[in-house]
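Participant: coords please:
(2 chains)
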Amino acid sequence: AQTVTQSQPEMSVQEAETVTLSCTYDTSESDYYLFWYKQPPSRQMILVIRQEAYKQQNATENRFSVNFQKAAKSFSLKISDSQLGDAAMYFCAYRILGGGADGLTFGKGTHLIIQP
Amino acid sequence: NAGVMQNPRHLVRRRGQEARLRCSPMKGHSHVYWYRQLPEEGLKFMVYLQKENIIDESGMPKERFSAEFPKEGPSILRIQQVVRGDSAAYFCASSPSGGGMETQYFGPGTRLLVL
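Facilitator: The predicted model follows:
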């Protein structure tokens, strides 16, 4: 079975500092996509960043970047200059290419708290 | 361009009743996905549909749950004879095509409470 593990149920960081959220996954596939989604108190799921597994370069989106280690099956999210609006649940997810498994597989999430 | 729309946002049903959840994808999107989120859990994939076709229903419970995406109108997730364990948030997502590279854009979800 394909799984996504987020080992940190909760993380806390001071405003303006940097925090890293961890994610590991287990798959036998070689082609897949990885995603980080944010779920604020409104419960809306918002895409933060995505990474194609065939790309060695780590994706970045403004203050958000990933550290993708394919061999280790690790996909961590780094948030720089944390802001109060970053407070949310963060979910790591992946999706394989083809094979009939069309949905995203999500981890259980990490609750990120921003301390003012 | 309006995002993915779901209604109702909140739905209360008594055990044994039927629940119908609706999802209108983003304009130009013909692929719809349904997910369920239990309390303190991540989202779990249920079903993937294109217009008039169910492509992947590997995550759907075998009984009481069904989904459709007609040629005209929204996608519908139907739960018959609801039980308390069906209480959850149900999210719909859409994408312009079904490729693995496509980002899925999520709606705000429907919170179902079964009394």
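Participant: near chain B, which residues of chain A show up?
Facilitator: With CB under 8 Å from any CB of the partner chain as the criterion, chain A comes near chain B at residues A:4, A:31-33, A:35, A:37, A:42-47, A:50, A:52, A:91, A:93, A:95-98, A:100-109. C-betas here are computed from N, CA, C, even on glycine.
Participant: Try it again at 6 Å.
Facilitator: A:33, A:43-45, A:47, A:91, A:95, A:97, A:102-103, A:106-109 (CB under 6 Å from any CB of the partner chain).
Participant: List phi and psi for the residue in chain A that chain B sits nearest to.
Facilitator: Nearest residue of chain A to chain B (CB to the nearest CB) works out as A:Gly103 at 2.6 Å. Reported as degrees, to the nearest 10, the phi and psi values for A:Gly103 are phi -90, psi 160.
Participant: Test my guess that it contacts B:Met46.
Facilitator: No - under the criterion of CB atoms under 6 Å, A:Gly103 makes no contact with B:Met46, lying 7.6 Å away.
Participant: mind listing the strands in chain B by residue range?
Facilitator: For chain B, the strands defined by DSSP state E occupy B:5-7, B:10-13, B:19-24, B:31-37, B:43-50, B:53-56, B:65-68, B:75-79, B:88-95, B:105-106, B:110-114.
Participant: Do the shortest one and chain A come into contact?
Facilitator: Yes - counting by CB under 6 Å from any CB, contacts between strand B:105-106 and chain A involve B:Phe106.
Participant: Sheet partners, orientation included, of that strand?
Facilitator: Listed by DSSP bridges, the sheet partners of strand B:105-106 and their directions read strand B:88-95 (antiparallel).
Participant: And the average pLDDT for the strand it pairs with is what?
Facilitator: pLDDT averaged over strand B:88-95 equals 95, rounded to a whole number.
Participant: Need the strands of chain B in TSV (columns: mean neighbour count).
Facilitator: Shown next, in TSV, are the strands of chain B (neighbours: other CB atoms under 10 Å in any protein chain shown):
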stretch	mean neighbour count
strand B:5-7	17
strand B:10-13	15
strand B:19-24	20
strand B:31-37	24
strand B:43-50	23
strand B:53-56	14
strand B:65-68	18
strand B:75-79	20
strand B:88-95	24
strand B:105-106	22
strand B:110-114	18
